[in-house]
Structure formats: C-alpha cells, structure tokens
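Trainee: build me a model:
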Amino acid sequence: MAWFKRTDKGIKTSTEEKKDTPDGLWYKTPQGNIIHTRELKNNSYVCPDDEYHVKIGSKEYFEILFDENKFTELDTNMVSGDPLKFVDTKPYNSRIEATISKTELKDAVRTAVGKMNNLELVVACMDFNFIGGSMGSVVGEKISRAIDHSLKNKIPFLMISKSGGARMMEAGFSLMQMAKTSAKLALLDKAAIPYISLLTDPTTGGVTASYAMLGDFNIAEPGALIGFAGPRVIRETIGKDLPKGFQSSEFVLEHGFLDFIIDRRQLKNRLTTLLNLLKN
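Mentor: As a prediction, this is how the structure comes out:
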C-alpha cells in the first residue's frame, strides 16, 4: 500500500520551501477556457479554443500592427489639467497622478506613426485602464494632432477606440472634443486621406457619437460592446427587454452600422490589403 503512504524514499518538501505558481502565468476566458499567457500573446491575445478577444491596450496593439514593433510616439508628455477644480472622493488632479503612476500612461490615448507591412500609418489607440478610456481634453487634442500629422504627411489614419465615453471630471471641455475631432476628420476626408475606425470592447458614449463612427471604413472586433448608452440604462428607460446580443458588434453589423468584423489575428494583413486597395 506504499502508493497511499509517504515513505522515507518519497519527496519531502518543507512548507517554507514550497513555491506558489507565479501570478499572471495563465489566463481564464469568460467561457472558462484556460490558456498560457505566452501562447495568448503569440496568438494576438485571442483564445484559440473559443475565439475570445482579450481586452488589450495600446502597447499590445502597437506590437501587433507596427513592423518589428518600431514606431515613433507623438505628443508623449501631454497631461490633463483640472480646469473645473473637480472634487469627488478626491481631487481630480490627485486621481490623474495616481492613475499615471499605476498604469504608466499619461492619458487614455497614445498616438504613434510607423510602418505596417511597409505602409506608413498613423495610429491613435485608446487605453481603457486610464479612467475607463474616458475622453477628456488630452484625448481630443492628441487625436487632433495625430490627424494633423496624417494631413501634413499624407499618411492614412487608424483610430482604435475603447472607451466608456466622455470624462465627467472635465464636463463641457470633454464634450467639446467630439466637435473638435469630427472637424479634423472632415479635413482628412477633404484631403482624400483614408481614415479607418476600429471599434473594440467597449466603445460607448461620446466616443461612439463622434470619431469612432466617422471612418471611411468602420470595423470592429468580434463580440465588442458598441453603443451610446449602456444596455441597463436603455432597458430601464424604455421599460422593455432588449434583443439577444443587443449592442454586440455582430448586432451592430447586422443593422448596418459597421462595414465588417475582423479577427484580431488577421487585423494587420486585412488593414494592409484595404489600404492598398484604397491607394490604387
């Protein structure tokens, strides 16, 4: 019965010497599938078992899109001010400082220029980790300047949206970014420079109501939440149950608000094909 009893020849490890599995080594999808984080990264952060697209930020999108992850970041040191002296549970300035320290991001969007399959491209990518990807003055200004760079150098522009909407701590200053970015995109259209908008999970609020839906091509990742108000708010407002899959990218595509849905693993090549078609 040695199988069921520890013997002197068995492996003995003291409690002090036992080691836990390092955090972050495995990822579990909402469907319960488990994948090693290294395999997940090599698969463009898509779980191969259920095709779940893990929520990622600008760092990961730049790695996926830019050749050899080489790019020049634009307007790197722009930080939000506090024009309204907003105070909730703590001053807005303090929250900005704490979020910068925690995320190592300066605000909710990063902009960069580089090559994608040898094609020049300007990319603006939002980060949900920075106050829910909220659109404030810095977000609007950095996107506007990225568009200016596209205009000046006649380079296509890609916007990757991931946002909870306008930043309430900046109130009207935040809402003004909708008009500013939309006006800049009109100049891009006038100059016949391609603008592709990629909507990821989630894209809501003032971002959806402005630059996210103004692309020459509006595309999205599978299963992304896309809408203005959230499902709960809509349900409580109209007093009715919502259709199955309401506000998913598949639902939005079916109702004519998207051009197509794209798997993240195919994103770089599909964008290259699309831009080559537009160029020719």
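Trainee: for the protein, what spans make up the helices?
Mentor: With helices called from DSSP state H, the chain shows them at 37-42, 58-65, 92-103, 137-153, 171-190, 205-208, 231-238, 249-254, 267-279.
Trainee: deepest-packed of those, please.
Mentor: Ranked by mean neighbour count, the helices of the chain are led by helix 205-208 with a mean of 24 (mean count of other Cβ atoms under 10 Å). For the C-beta atoms, the positions are set from N, CA and C on the backbone; glycine is no exception.
Trainee: for that one, give the mean pLDDT please.
Mentor: Averaging pLDDT along helix 205-208 yields 96.
Trainee: which parts of stretch 111-127 are buried?
Mentor: Neighbour-count burial for stretch 111-127, with 16 or more other Cβ atoms under 10 Å as criterion, is recorded at 111-114, 116, 121-127.
Trainee: out of those residues, which sit inside strands?
Mentor: 111-114, 116, 121-126 (DSSP state E).
Trainee: out of those residues, which is nearest to L158?
Mentor: Nearest to L158 out of those is V123 (Cβ to Cβ; 4.8 Å).
Trainee: can you tell me which residues contact that closest one?
Mentor: By Cβ atoms under 8 Å, 6 or more residues apart in numbering, V123 lies in contact with 61-62, 65-66, 71, 111-114, 146, 157-160.
Trainee: pLDDT wise, what is it at?
Mentor: Note on V123: pLDDT of 98.
Trainee: now swap in L267 and tell me
Mentor: On the pLDDT scale, L267 is placed at 98.
Trainee: got a list of what it touches?
Mentor: Applying Cβ under 8 Å, 6+ apart to L267 gives the contacts 44, 64-65, 198.
Trainee: kindly report the same for F257.
Mentor: By Cβ under 8 Å, 6+ apart, the contact set of F257 is 213, 218, 226.
Trainee: run the chain-centre distance for stretch 106-117.
Mentor: Centroid separation for stretch 106-117 versus its chain: 12 Å, with Cα atoms, centre = their mean, to the nearest Å.
Trainee: pick out the most distant pair among the buried residues of stretch 111-127.
Mentor: Pairwise distances across the buried residues of stretch 111-127 (Cβ to Cβ) peak at 19.7 Å, for the pair M116 and D127.
Trainee: of the contacts of F257, which is the nearest to T89?
Mentor: Using Cβ to Cβ, I226 comes nearest to T89 of those, at 30.0 Å.
Trainee: related to what we said a few turns ago, out of the helices of the chain, which comes closest to Y27?
Mentor: Minimum separation from Y27 across the helices of the chain (Cβ to Cβ) falls at helix 37-42, 5.4 Å.
Trainee: can you list contacts of the closest one?
Mentor: 24-27, 46-48, 54.
Trainee: of these, just the buried ones, ChimeraX syntax please.
Mentor: With 16+ other Cβ under 10 Å as the criterion, this ChimeraX line picks the buried residues out of the contacts of helix 37-42:
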select :27,46,47,54
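Trainee: and the contacts of helix 37-42, which of them are in strands?
Mentor: Those of the contacts of helix 37-42 mapping onto strands are 26-27, per DSSP E.
Trainee: from the contacts of helix 37-42, which has minimum pLDDT?
Mentor: Least confident of these in the model: G24, at 70.
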